[in-house]
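Enquirer: Sharing a sequence plus its predicted fold:
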Amino acid sequence: MLPSPLVRFITTVYPMGMEQAQEIAGMFVEREIEKNTLLFPSGKICNEYFFLETGLVRAHTQDLEGNDITTAFYSPGQVVCDLFSFFKRVPSREEFRALTDCRTRVISFEDLQKAFHTLPVFREFGRTILVNAYAQLKLRMLSTLHQTAEERYRVLLLNNPDILQHAPLKSIASYLGVTDTSLSRIRKEVMKKHTS
């Protein structure tokens, strides 16, 4: 029998025996999430840690002018969680919403803490997740300084190929830090290069 997506993810993030990976995966509960459902709201402490098996999730916040800004898109095989809020126990400043119907595996803060204390290999897995999340955040920050908007758009499409089908263009533009008009121009340029 093939291992579940969560077991494959666990063993990819941190090499361990299949039995240990299945024990960790067994601590997560399956949860179906309908399109447009809020996984958790801003202003509250994030108490759940999701692994996304299918679907697409968007994280967003508001800037000082009240504009809705996309901070992240999550696709299958990724952890969906405000890690800062989750581990520091402070209210989140972001909202996480399902852009499509999603199938997830979820673990609560309390259950995750128990797992950290009882399974040393889970601690190492968790530490690796945090290091990877920090690295992704750093790369995203540097990409705004070292890449053009078109390059950032191409990377987004590479990492989230279904994004154009499910995310409003306004959300994609805010994630890339460009206007809707600029995004339309970038899309035309990319299409032109792709077809020529």
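Expert: Looks like it came in fine.

Enquirer: which parts of the helix or strand where residue 138 lies are buried?
Expert: Residue 138 is located in helix 120-146, with elements delineated by DSSP states H and E. Neighbour counts over helix 120-146 (16 or more other C-beta atoms under 10 Å) mark 121-122, 125-126, 129, 143 as buried. Using the backbone N, CA and C atoms, a C-beta is placed for each residue, glycine as well.

Enquirer: name the helices or strands packed onto that helix?
Expert: Contact partners of helix 120-146 among helices and strands, from 3 or more C-beta pairs under 8 Å, 6 or more residues apart in numbering; DSSP states H and E: helix 5-13, helix 18-25, helix 83-88, helix 109-118, helix 149-159.

Enquirer: So for residue 33, which of those sits nearest?
Expert: helix 5-13 (15.4 Å; C-beta to C-beta).

Enquirer: tell me the angle of that closest one relative to helix 18-25?
Expert: Angle of helix 5-13 versus helix 18-25, following axes from the mean of the first three to the mean of the last three C-alpha atoms, to 10 degrees, is 120 degrees.

Enquirer: Output the contacting helices and strands for helix 5-13.
Expert: Packing partners of helix 5-13 (3+ C-beta pairs under 8 Å, 6+ apart): helix 18-25, strand 48-54, helix 120-146.

Enquirer: what is the mean pLDDT for the longest one?
Expert: By that I understand helix 120-146. Mean per-residue pLDDT for helix 120-146: 89.

Enquirer: if we can go back for a sec, want to throw the helices and strands packed on helix 120-146 into a markdown table with distance to residue 59?
Expert: Below are the helices and strands packed on helix 120-146 laid out as a markdown table (distance: least, C-beta to C-beta, whole Å):
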| stretch | distance to residue 59 |
| --- | --- |
| helix 5-13 | 19 |
| helix 18-25 | 24 |
| helix 83-88 | 11 |
| helix 109-118 | 18 |
| helix 149-159 | 14 |
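
Enquirer: For residue 40, find the nearest of these.
Expert: Among the helices and strands packed on helix 120-146, the nearest to residue 40 by C-beta to C-beta is helix 83-88 (8.5 Å).
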